[in-house]
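*Asks:* Quick one: sequence plus predicted model below, questions after.
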Amino acid sequence: MDAGLYSDGNDDPLRDPALYASRELAQLDFNTRVLAQALDPRVPLLERLRFLCISSTNLDEFFEIRAGNLQRAQELGRPTAADALPYAALMARIHERARELVDAQYRCWREVLRPELSLAGVRVFGRERWNPRQTRWLRGYFRSKVMPVLSPLGLDPAHPFPRILNKSLNIVVVLEGRDAYGREGQHAIVRAPRSLARIIQIPERVSGGPHDFVFLSSLLSTFIGELFPGMAVHGAYQFRVTRSAELELDEDEVDNIALALRDELLGRGYLRPLRLEIARDCPTRIVRHLLEKFDLDEQAVYHIDGPVNLNRVIKVHDLVDRPDLKFPPFQPRALPGVDSMFETLAAGDVLLHHPFDAFAPVLELLRQAAADPSVLAIKQTLYRSGEGSQIVEALIQAARNGKDVTAVVELRARFDEEANLGFADRMQEAGVQVVYGVAGFKTHAKMMLVVRREGRKLRRYAHLGTGNYHAGTARAYTDIGLLTAHPQLTADVHQIFQQLSGLAPEPRLQQLLQSPFTLHSGILARIGREAAHARAGRPGRIIAKMNALNEPGVIRALYAASQAGVSIDLIVRGACTLRAGVPGISDNIRVRSIVGRFLEHSRIYWFGNDGVPELYCASADWLERNLLRRVEACFPILDPALAARVYEEGLANYLADNVNAWEMQPDGSYRQLEPGDQPPHSAQAWLLARYAG
């Protein structure tokens, strides 16, 4: 890490910490924008429920990852980020902001979504609303389906406080009386195994409605006394602890990263606690006891007015078949009239804009390559691929067909480590050469390469993308993919694969920019070039779309370009630590965030270059980790017609959005845009109408 990026910078006003927002606080602000979708009456009701659950899940991951990383950095004495907030002050602000978000989530559930769902015939009952017939059925369900798998633990000298799994549902029970052994009851813990459904659907014959549900936490709280016969239950309070999920794997100290990772995964659910969620009515003495057991302070307590596992209500969205309460289905556009992907790509590049364009052409290229006798080799990066991946199956089939197949599998893809280990084993058993990238640098690039014999020559075909090789996310995320046989692009891809699987030196690429070597410097050079144009009286223009931005060197370059007169538009979905519209610094920079039906995931960089524009797509955000500590691929769109399409669909279209767009204010806050006197324009809806059937 470049310590110079984090100096106090008294000699450089662009290093002033006031010009940089906290990435963590900016991430929480993004989650507030997600929650706003749950409150938007223009969004179908069950989709609003889905957005509520996404905001809840996002907050869990925020604590598991961002808060966990902060804690680790503080323990290791690492320097603070460019905003220079001390660790303790930042954690206090994080808890303050996160608590506001949690309160808003539960108000949304209690006061808005749950009542509106009930009016629409989708009812989630609290125990105070069960009628006698429902109560009888639920008691029977508890006794037959729940009680047999519960193992209550009385807390006494022979039964110390148990290990509590990350994000698991637990009930602390206050008891009075003596058990069969004469032991005095005081407290017990009941842990809900993950095998139990967190949302229980009541049969229509019992409840009278086709879509009636109960939280498991309500069931446990109501019937918990049946686990302690002869004793009086004076209180049952649900709680949940969120732990760090960051694996501490020192790759320089292990001989086999796969074996070491398997060992680390065994203990992931029991890493350091970071947050305690507990029922609002839980007595203070019990809360303090739990805090002591988890080694947490008071600011880490979140008193919950509702189920502590609110994100589990997503099951209602999945179980209820009500098209009138969901987004209309759509059919991605298929690539027309293609028999041979090789002939198609020999004739010219193919651009795919997911999810509006189908992911099928990528799969078809791989399937055809696996079966084609003329194909000699296939190389593929895999970061996330999903369960039952067709990509993995095609690679296995290619190896069985005698192709030389290499898969660069990133074992450290967060929360997908176990799945990646599993399919890596399967591929190795089938004869695929599996490599795990470069120690210390996650392989995040999205690349596929096919080498085919055509006459006396070998020809390469490639796919480059901004998103993962995951058919599911290809229908839920916006991403750009390029299928090409361009000699320079495919030669560059080949060089990167050679470097990843062997011990090659830094590649000398003709067209691609690559992290950690040329992407960061390439971006800085192009920003600087726009500033030079502006200082010379020529137009300077930058438009970039990404998921997040926090790299201080890039931010300083953007500030300097703004001061030079470059007009800059940034479309940043999530955390952005740059401050837009600061007088004298970033007057010419505008930042907007789009939150809609699909997760905005494509990365597009456009530089005006005095009338000869350059347009790149990439796997990388403008984050420190992506630009300096990962293997990333950034590729130009060389075909002018395709570049014009990416510009129109992925940039100009999003700059025109006045329905799902939020604009950053100079203080770092965001304001949702409204159409006003202009016709409403949703970028995603426009693309659906244009391409999807």
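*Replies:* Structure's in. What do you need?
*Asks:* Model confidence score at T478, please.
*Replies:* T478 is assigned a predicted lDDT (pLDDT) of 97.
*Asks:* Just the buried residues of the helix ranked longest in the chain, please?
*Replies:* Under DSSP state H, the helix in the chain containing the largest number of residues is helix 87-107. Using 16 or more other Cβ atoms under 10 Å as the test for burial, helix 87-107 gives L90, M91, I94, H95, R97, A98, L101, V102, A104, Q105, Y106. Where C-beta positions appear, they are placed from N, C-alpha and C, glycine not excepted.
*Asks:* Format those residues as a markdown table; extra columns: distance to D321 and pLDDT.
*Replies:* Below are those laid out as a markdown table (distance: Cβ to Cβ, whole Å; pLDDT from 0 to 100):
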| residue | distance to D321 | pLDDT |
| --- | --- | --- |
| L90 | 45 | 90 |
| M91 | 44 | 89 |
| I94 | 39 | 94 |
| H95 | 40 | 95 |
| R97 | 37 | 96 |
| A98 | 35 | 97 |
| L101 | 31 | 97 |
| V102 | 31 | 97 |
| A104 | 29 | 97 |
| Q105 | 26 | 98 |
| Y106 | 27 | 97 |
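*Asks:* Go through the residues you listed and name the one nearest P675.
*Replies:* Nearest to P675 out of the buried residues of helix 87-107 is A104 (Cβ to Cβ; 25.1 Å).
*Asks:* Spell out the secondary structure type for R592.
*Replies:* With DSSP: H, G, I helix; E, B strand; the rest coil as the basis, R592 sits in strand.
*Asks:* average model confidence for stretch 404-423?
*Replies:* Mean per-residue pLDDT for stretch 404-423: 80.
*Asks:* actually stretch 283-298, not the one I typed
*Replies:* Averaged across stretch 283-298, the pLDDT comes to 94.
*Asks:* ok, residues contacting that stretch?
*Replies:* With contact meaning Cβ atoms under 8 Å, 6 or more residues apart in numbering, stretch 283-298 is reached by 161, 164, 172, 174, 187, 235, 237, 239, 241, 273-276, 278, 300-301.
*Asks:* picking that back up, let me have the buried residues of helix 87-107 in CSV, extended by distance to F51.
*Replies:* Output for the buried residues of helix 87-107, formatted as CSV (distance: Cβ to Cβ, whole Å):
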residue, distance to F51
L90, 27
M91, 27
I94, 22
H95, 23
R97, 19
A98, 18
L101, 13
V102, 15
A104, 12
Q105, 10
Y106, 15
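*Asks:* Tell me the one among those residues nearest to E24.
*Replies:* I94 (5.6 Å).
*Asks:* The closest one - nearest residue in space that isn't next to it in sequence?
*Replies:* Excluding the flanking residues, the one nearest I94 by Cβ to Cβ, 6 or more residues apart in numbering is E24, at 5.6 Å.
*Asks:* could you say which helix or strand contains that neighbour?
*Replies:* Using DSSP states H and E, E24 sits within helix 23-38.
*Asks:* In PDB, list the C-alpha atoms belonging to that helix.
*Replies:* Taking Å, rounded to 0.1, in the frame of the first residue of the first chain, the C-alpha atoms of helix 23-38 are listed here in PDB:
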ATOM      1  CA  ARG A  23     -16.500   4.500   2.600                       C
ATOM      2  CA  GLU A  24     -18.300   2.800   5.400                       C
ATOM      3  CA  LEU A  25     -20.800   5.600   5.900                       C
ATOM      4  CA  ALA A  26     -21.200   6.000   2.200                       C
ATOM      5  CA  GLN A  27     -22.100   2.300   2.000                       C
ATOM      6  CA  LEU A  28     -24.700   2.700   4.700                       C
ATOM      7  CA  ASP A  29     -26.100   5.700   2.700                       C
ATOM      8  CA  PHE A  30     -26.500   3.400  -0.300                       C
ATOM      9  CA  ASN A  31     -28.400   0.900   1.800                       C
ATOM     10  CA  THR A  32     -30.800   3.800   2.700                       C
ATOM     11  CA  ARG A  33     -31.400   4.300  -1.100                       C
ATOM     12  CA  VAL A  34     -32.200   0.600  -1.400                       C
ATOM     13  CA  LEU A  35     -34.700   0.800   1.500                       C
ATOM     14  CA  ALA A  36     -36.300   3.800  -0.300                       C
ATOM     15  CA  GLN A  37     -37.400   1.300  -3.000                       C
ATOM     16  CA  ALA A  38     -39.300  -0.600  -0.300                       C
END
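*Asks:* so after that helix, what's the next helix or strand?
*Replies:* Past helix 23-38, the next helix or strand by DSSP H and E is helix 45-61.
*Asks:* I'd like to check the angle between whatever helix or strand comes next after that next one and helix 87-107, please.
*Replies:* Using DSSP H and E, the helix or strand that directly follows helix 45-61 along the chain is helix 68-76. Helix 68-76 and helix 87-107 are oriented at 160 degrees to each other (axes from the mean of the first three to the mean of the last three Cα atoms, to 10 degrees).
*Asks:* Mind listing what's buried along helix 68-76?
*Replies:* G68, L70, Q71.
*Asks:* and if you look at stretch 638-645?
*Replies:* Residues L638, D639, L642, A643 are the ones in stretch 638-645 that count as buried (16+ other Cβ under 10 Å).
*Asks:* circling back to that earlier point, dump the residue contacts of the residue nearest to I94.
*Replies:* F62, R66, A67, L70, L90, I94, A575.
*Asks:* Over to D12?
*Replies:* D12 touches R556, counting by Cβ under 8 Å, 6+ apart.
*Asks:* Could you identify the helix or strand that succeeds the helix-or-strand element of the chain with minimal mean pLDDT?
*Replies:* Every helix and strand in the chain was compared by mean pLDDT, DSSP states H and E; the lowest is helix 257-266, with a mean of 58. For helix 257-266, the following helix or strand on the C-terminal side (DSSP H and E) is strand 273-279.
*Asks:* Pull up the pairing partners for that following strand, direction included.
*Replies:* When pairs are called by DSSP bridges, strand 273-279 turns out to pair with strand 232-243 (antiparallel), strand 301-304 (parallel).
*Asks:* could I get the ones you listed as JSON lines with mean pLDDT?
*Replies:* Putting those into JSON lines (pLDDT from 0 to 100) gives the following:
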{"stretch": "strand 232-243", "mean pLDDT": "94"}
{"stretch": "strand 301-304", "mean pLDDT": "96"}
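*Asks:* May I see those strands arranged in a markdown table, with distance to M664 as well?
*Replies:* Compiled in a markdown table, those are given as follows (distance: least, Cβ to Cβ, whole Å):
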| stretch | distance to M664 |
| --- | --- |
| strand 232-243 | 29 |
| strand 301-304 | 28 |
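*Asks:* So for E364, which of these sits nearest?
*Replies:* Closest to E364 of these, according to Cβ to Cβ: strand 232-243, at 42.0 Å.
*Asks:* now the closest one and helix 45-61, what's the angle there?
*Replies:* Interaxial angle of strand 232-243 relative to helix 45-61 (the same axes, to 10 degrees): 70 degrees.
*Asks:* Can you list the buried residues in strand 232-243?
*Replies:* Result for strand 232-243 [16+ other Cβ under 10 Å]: buried residues V233, G235, A236, Y237, Q238, F239, R240, V241, T242, R243.
*Asks:* Then stretch 124-136?
*Replies:* Within stretch 124-136, the residues scored as buried using 16+ other Cβ under 10 Å are V124, F125, R127, W130, Q134.
*Asks:* what is the mean pLDDT for that stretch?
*Replies:* Stretch 124-136 carries an average pLDDT of 91.
*Asks:* and the end-to-end length of that stretch?
*Replies:* Stretch 124-136 has an end-to-end distance of 17 Å (criterion: Cα to Cα, to the nearest Å).
*Asks:* Show residues contacting it.
*Replies:* With contact meaning Cβ under 8 Å, 6+ apart, stretch 124-136 is reached by 114, 117-118, 138, 199, 202, 206-207, 212-215, 218, 221-222, 313, 316.
*Asks:* Now intersect the residues you listed with the helices, please.
*Replies:* Cross-referencing the contacts of stretch 124-136 against helices under DSSP H gives R114, L117, S118, L138, V206, S207, S218, S221, T222, V316.
*Asks:* helix or strand right after the helix or strand that F635 is a member of?
*Replies:* Secondary structure from DSSP H and E places F635 in strand 630-636. Sequence-wise, the next helix or strand downstream of strand 630-636 (DSSP H and E) is helix 640-646.
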